[in-house]
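[1] model this:
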Amino acid sequence: MSDQHNAACMGHAGRHVRTPYLDSLAARGFRFTQAFCNNPICAPSRISFITGQYPHTHRHLGNTGFEYPERNSSTLSALARRHGYQTALVGKAHMIRAWDEEGFEHLRYCDLADADRADPLTNHYFNYLHKNGLADRYDFGTLPAGHPGKATQWFVSQIPHEHSVEVWTGNESLAFLQQRDRRRPFFLQMTFQRPHAPLSPSTERAGMYAPEDVDIPTSARDLFERHFAGKPAFQRQHTAKHRGYPFVSQDEAELRRHLSHYYALVSIIDEQIGRVLDHLRETGELENTVICYVADHGDFAGEHGLMQKNFGIYESIHRIPFLLAYPDCPAGTESRQLVESVDLYPTLAGLMDLPLPPGIEGQDLRPVASGASPGKDAVVCEWARSGPIPMIHAIRTPTFRLVYYGRDQEGELYDRNADPDELDNRYTDPTLAETRFDLTQRILDHVMRYEKKTDATSDRREDRRIRNGFTRMLLKGGKRWPDIEELYVP
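    Residues are numbered from 1 along each chain as shown. Model (predicted):
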């Protein structure tokens with residue numbers, strides 16, 4: 001898994017991004033070209049993957065639930081562990097620590113979202129940087145005033161490539177595979193923290209792509225020519241400002257610079273996946289291993305002229321890469337059937353000969369891959385957030401996308417057959433009134449059972465509680481390690 005990988009940004013998927021190992025995985029396995037996440041932000045989406053449940057069922061809508069106290073014995077990793085698999089998670093979890101500890105017997109975290117709130121050195125990657133004298137160069141949290149990437153989230157990291165979070169994730173994944181108990185099958189979740197911003201490859205890798213050679217998506221004219229005409233007012237107001245989150249480029253040259261770093265991070269992730277695939281091949285395990293590559297959600301990655309996310313629920317945010325290879329699978333094939341995050345759990349459980357617990361809402365995708373069963377007639381994305389628009393939902397059918405912001409808000413409706421770039425908002429078009437009504441009703445029917453356990457309100461409450469914690473200062477407080485090291489007491 002990676003974080004915020006636009007599904008088009010792979011060599012085999014359309015963009016000119018060098019991803020030879022992901023391309024080889026697509027060639028030897030199965031590619032779902034119309035796969036979608038069920039939530040557009042990290043933690044709720046990842047919880048849908050690990051539980052096989054929609055957000056309105058698992059009820060964790062917040063993004064700061066690491067210390068949530070309840071355990072869960074029905075996650076995919078816990079199920080695998082109970083049935084004899086040696087389980088490991090390496091990289092970014094961004095879920096719930098109690099669930100991780102129950103499901104994974106081997107844990108190596110890289111993101112400070114996965115750390116004791118009072119002690120950043122409980123995070124394995126930050127501890128690694130500290131031991132190597134690099135903690136003062138940590139640059140993944142809220143950047144301090146004066147940092148060159150403060151306004152844009154685009155810069156060159158001062159962490160050498162050999163110590164980058166991607167290489168560390170590759171090293172730790174290989175260490176697990178080399179040291180594992182070979183009497184048992186293994187379940188490894190290797191999850192990368194990027195290409196999520198900041199877009200900060202190391203000095204050695206920042207020049208992998210020349211900005212002038214980077215292609216701009218055709219939908220970028222939504223910003224540069226159309227200025228988001230016909231879109232909701234909050235979108236027009238945001239894109240008129242430049243900068244901000246999501247990032248709004250001043251011109252195409254600046255957008256190309258950002259994409260050059262985004263592509264570099266994708267290629268670096270591909271290299272580390274390649275190291276693992278090469279190890280499996282060298283040890284004779286590749287053909288006996290189920291391999292899946294997904295992302296928790298997408299990124300604009302230049303579409304609509306933007307970078308990052310948290311701005312409606314466009315195709316670029318909702319759609320995710322989904323590659324699957326397993327013994328005797330239909331190799332080198334692809335499906336345009338609609339599938340979702342929740343489908344990963346029952347698919348992998350079936351391939352691992354694990355019995356499904358009750359409450360799983362996804363479907364096993366093997367019949368879809370073989371052509372014996374159709375995909376879904378619609379997929380839904382659910383998002384609870386703070387601010388004047390507390391809930392946003394989207395529904396995507398083979399023909400339409402509707403984004404519903406609430407009764408008193410403007411919405412979005414796109415005819416994807418006529419408008420695959422999602423430029424012409426037809427939410428108020430009287431000729432599509434019946435379609436809009438039907439899709440809105442289907443969204444409401446889907447999510448009426450909300451009973452939130454975590455959400456944006458609980459995130460703010462937790463942030464206030466831990467605001468003086470050292471981990472919080474590094475992650476979101478704009479502090480650097482030298483600012484707090486002399487105060488640190490483990």
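[2] so who does the most centrally placed residue in the chain touch?
    The centroid of the chain falls nearest to Asp296 when counting by Cα atoms, centre = their mean (2.7 Å). Shown in contact with Asp296 (Cβ atoms under 8 Å, 6 or more residues apart in numbering): 1-4, 37, 42, 45-46, 49, 94, 320. (Glycine included, C-beta is placed from N, CA and C.)
[3] Quick check: Gly65 is in a strand.
    No - the assignment for Gly65, made by DSSP: H, G, I helix; E, B strand; the rest coil, is coil rather than a strand.
[4] Next, the contact list for the closest residue to it other than its chain neighbours, please.
    Nearest residue to Gly65, sequence neighbours excluded (Cβ to Cβ, 6 or more residues apart in numbering): Thr454, at 4.6 Å. By Cβ under 8 Å, 6+ apart, Thr454 lies in contact with 59-62, 64-65, 68.
[5] what's the most distant pair in these?
    Greatest spacing in these, by Cβ to Cβ: Arg59 and Thr64 (14.8 Å).
[6] So which of those two has more stuff around it?
    Thr64 (23 against 19; other Cβ atoms under 10 Å).
[7] And that one, how far from Asp3?
    16 Å (Cβ to Cβ, to the nearest Å).
[8] ditto for Ile443
    As for Ile443, its distance to Asp3 is 26 Å (criterion: Cβ to Cβ).
[9] do the same with Ser164
    In terms of Cβ to Cβ, Ser164 sits 15 Å off from Asp3.
[10] Ok, Glu166 next?
    11 Å.
[11] Quick check: neighbours shared by these two?
    Contacts common to Glu166 and Asp3, judged by Cβ under 8 Å, 6+ apart, are 192, 194.
[12] Specify which residue of the two has the higher count of neighbours.
    Each of Glu166 and Asp3 has its neighbours counted (other Cβ under 10 Å); Glu166 has more, 26 against 23.
[13] average pLDDT across the helix or strand where the more buried one lies?
    Using DSSP states H and E, Glu166 sits within helix 165-179. Across helix 165-179, pLDDT averages out at 98.
[14] Same question for stretch 296-304.
    On average, stretch 296-304 scores 98.
[15] Stretch 208-225 too?
    Confidence for stretch 208-225, expressed as mean pLDDT, is 97.
[16] Likewise for stretch 396-410?
    93.
[17] got a list of contacts for that stretch?
    36, 232-233, 312-315, 318, 338, 377-381, 389-395, 411-417, 422, 427, 435-436, 439-440, 443.
[18] Go again with 7 Å.
    36, 232-233, 312-313, 315, 318, 338, 377-379, 389, 391-395, 411-417, 422, 427, 435-436, 439-440, 443 (Cβ atoms under 7 Å, 6 or more residues apart in numbering).
[19] now the strands: where do they sit in the stretch 101-250 of the chain?
    106-109, 186-191, 247-248 (DSSP state E, counting those that start in this stretch).
[20] Which one of those lies nearest to Ser200?
    Taking these one by one with Cβ to Cβ, strand 247-248 is closest: 13.4 Å.
[21] Give the other helices and strands that that closest one contacts.
    With contacts defined as 3 or more Cβ pairs under 7 Å, 6 or more residues apart in numbering; DSSP states H and E, strand 247-248 has these neighbours: strand 306-307.
[22] ok, and the closest non-adjacent residue to Ala80?
    Phe187 (4.4 Å).
[23] Report the secondary structure state of the closest residue to Ala210 other than its chain neighbours.
    Setting aside the residues directly before and after it, Ala210 is nearest to Ser260 in space (Cβ to Cβ, 6+ apart), at 6.9 Å. Assigned with three-state DSSP, Ser260 falls in the helix class.
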